[in-house]
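J.: model this:
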Amino acid sequence: FWRDTYQSKSPIPFIISAQIIVFVLVHLFDLLYEVKLIQFPLYDNVVRLLSLPLSSADFIKQPWSILSYPLIHTGLFQIVFDCLWMYWMGTLFLNFLNNRQFLFLLASAVILGGFAYLALGQIAFLQQNLQTSLTTPSVVLAALVAAVISLVPHMEVRLMLIGTLKLKTVGLVFLGLECIFLALVNKPAAIVVILMAAWAYYYISRLKQGRDFSLWLKPKVKPKLKVVHSNPQQTHSRHSKTDLPNQQEIDDILDKISIGGYENLTSQEKETLFKASKQE
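T.: Below is the predicted model of the structure:
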C-alpha cells in the first residue's frame, strides 16, 4: 500500500491525506467537547481560524486562512465525495499533463479564489452577512473539473445506472450543482467557483497554444562549471627539449642516491629528478 500510494510520483494521495487528517483532528475536538472532556468549544474556534472570512478586517487577523480554507470539511459525505472527485479528476489530469502543471493549477485556484472571495466581500449587495466564511474545497475542485473537461471535452465515461456520457456533460452538471448549493448559503463562494472554472479553462486554452504558466514554478538551473582536462602530450610539448634533463644527468643523480641517499641531493638535483619523472 505504501509503495503503490505514497511512493508514487502523484501528489494526489498526499493532498487527500492532508484533508482527511485535518477532518479527523477537527472533529476529534468536537467529540471531546460533546463528551465534556473539554469545556472550551475548540471545534468551532479551529474551524473559524482555518476558514477564509469574507470580511477583510477579519482576514488581517488570520492571513493563513488564504491557504487553509480548502482543507476544511464540515460533513462526512462532503469529504467522501470531494476526495473521490479529487482522485478521479486528478488522475485524469495527470494522464495527460505533469505534476508541475497539476500543482500550479491547484495552487493558483486556491490563492486567486481566496483573494477573489475577499474582493467580493467589498461589494455592497454581497455584504448581507460578513460573518460568512469560505470552508470548502469546491473552489479547487471547480478549477480541476473545468481543466479536465477543457483538456479532453469529447472523452466518454460510463456511469452506473446512467450509461455512457461525455465527460464534458458530467463536469458541467457537477459545476452547476456546486454553484446552486453554494448560492443558497454563500453567494460570493458561488461566484468564486465560476471564476475559478473560467480561470482553469483559460489556463488550458493557453496551454494548448503553447503557453505554459506553470513554468513559473520551474527552478532555473544554473549552468555547471565545465572541467576541461588538458592533454598531457600538449602540455609536454610546450616545454622545450633544453628544459628536460638528459640521460647522463639522471644517471649521475641516481649514482649519488645509491651512495649517500636521497637526502644528500641538492635542490637543483631534486628538481632535475622530478622533471625526469614527469618526462617518463
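
J.: Can you show me the strands along the stretch 151-280 of the chain?
T.: Remark: strands assigned in the stretch 151-280 of the chain by DSSP state E, counting those that start in this stretch are 156-159, 163-166.

J.: what's the distance between Lys36 and His27?
T.: Distance check for Lys36 against His27: by CB to CB, to the nearest Å, it reads 16 Å. Just so you know, the C-beta spots here come from the backbone N, C-alpha and C atoms, and that holds for glycine as well.

J.: Can you lay out the strands of the stretch 151-280 of the chain as a markdown table showing mean pLDDT?
T.: Below are the strands of the stretch 151-280 of the chain laid out as a markdown table (pLDDT from 0 to 100):
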| stretch | mean pLDDT |
| --- | --- |
| strand 156-159 | 81 |
| strand 163-166 | 82 |
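
J.: With distance to Pro13 added, can I get the ones you listed in CSV?
T.: Below are these laid out as CSV (distance: least, CB to CB, whole Å):
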stretch, distance to Pro13
strand 156-159, 22
strand 163-166, 27
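
J.: So for Lys36 and His27, which sits in the more crowded spot?
T.: More neighbours surround His27 than the other of Lys36 and His27, with 17 against 7 (other CB atoms under 10 Å).

J.: And what about Leu31, helix, strand or coil?
T.: helix (DSSP: H, G, I helix; E, B strand; the rest coil).

J.: Neighbours of it, how many?
T.: For Leu31, using other CB under 10 Å, the count is 11.

J.: what's the answer for the one 4 residues further on, then?
T.: The tally of other residues near Val35 (other CB under 10 Å) stands at 8.

J.: Let me know the pLDDT of it.
T.: At Val35, the model reports a pLDDT of 84.

J.: From here on, call the first residue 34.
T.: Sure, I'll start counting at 34 from here, so that last one is Val68.

J.: What's the separation between it and Ile105?
T.: In terms of CB to CB, Val68 sits 23 Å off from Ile105.
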